[in-house]
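Chemist: what would the 3D arrangement of this be:
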Amino acid sequence: MVPIGTDTHATRRHLPHLEKDDRTYFVTFATAQRFVLAEEARDIALACCVHDHRLTFWLHAAVVMPDHVHILFSPYEEWSLDRIMKRIKGVSSRRINLIMNRRGTLWQDESFDRILRSTEDVRRKSDYIAENPVRKGIVENVEDYRWLWREWVDDGERERTGRIACPPLSSPSTAAARTAGSRRERNSPPRSACRCAR
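Modeler: The predicted model follows:
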């Protein structure tokens, strides 16, 4: 990892990858040789994306297409983009290979990732991701697509509190473990301004 600023780091294998503190990432990863995932495999892939919501990252949206996945999330401060993607792809690959009785690489080695600009709206980008099955002609209505997860719909925060929750800066376990700082500091919103829809 090469620093290219005070809060930005870069890596490069076949594709360039940037990591910047307190940012939201739009990531696409595809199956090796565009292998088409069975319905049960798509269930697993989506479950693996959703599993770490509020644990390692704040998940805004995810959609599992027949041969690729789009995911939009904000990592917690102690989790790197690379670590999160290895976790999602590794666990889903093992579980999918097991149920499909197959061996070998399931996902392409690298993912295409992009940092959302500060002017980009997270909700708009989430809607764009959600519309993917409609644009591909798989379904006519977003609500008819089974392998879609959106934080403001599926997380239940609105039903519990009447509002959409904003992502915290650190994971709940890290935040709970911190004892330093005033009560106000511990209960403050993330340093970066939230771009979530209200």
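
Chemist: after whatever helix or strand R87 lives in, next one along is what?
Modeler: When elements are assigned from DSSP states H and E, R87 belongs to helix 81-99. Using DSSP H and E, the helix or strand that directly follows helix 81-99 along the chain is strand 112-115.

Chemist: buried set for that following strand?
Modeler: Going by neighbour count (16 or more other CB atoms under 10 Å), the buried part of strand 112-115 is 113, 115. Quick note: C-beta positions are derived from backbone N, CA and C, even for glycine.

Chemist: which other helices and strands contact that strand?
Modeler: For strand 112-115, the packing partners by 3 or more CB pairs under 8 Å, 6 or more residues apart in numbering; DSSP states H and E come out as strand 16-20, strand 25-30.

Chemist: give the buried residues for the helix or strand in which W152 is found.
Modeler: Here W152, judged by DSSP H and E, is contained in helix 151-154. By neighbour count on 16+ other CB under 10 Å, the buried set for helix 151-154 is 151-152.

Chemist: may I have it exported as PDB, CA atoms only?
Modeler: Below are the C-alpha coordinates for helix 151-154, written out as PDB (Å, rounded to 0.1, in the frame of the first residue of the first chain):
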ATOM      1  CA  GLU A 151     -30.600  -0.500   4.000                       C
ATOM      2  CA  TRP A 152     -33.600   1.800   4.100                       C
ATOM      3  CA  VAL A 153     -35.900  -1.000   3.100                       C
ATOM      4  CA  ASP A 154     -34.500  -4.200   4.500                       C
END
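
Chemist: which regions of the chain lie under the pLDDT threshold?
Modeler: Scanning the chain for pLDDT under 70 picks out 1-22, 156-198.

Chemist: in it, mark out all the helices, start to finish.
Modeler: Shown for the chain, the helices assigned by DSSP state H span residues 39-51, 81-99, 122-130, 132-135, 151-154, 157-161, 172-177, 183-186.
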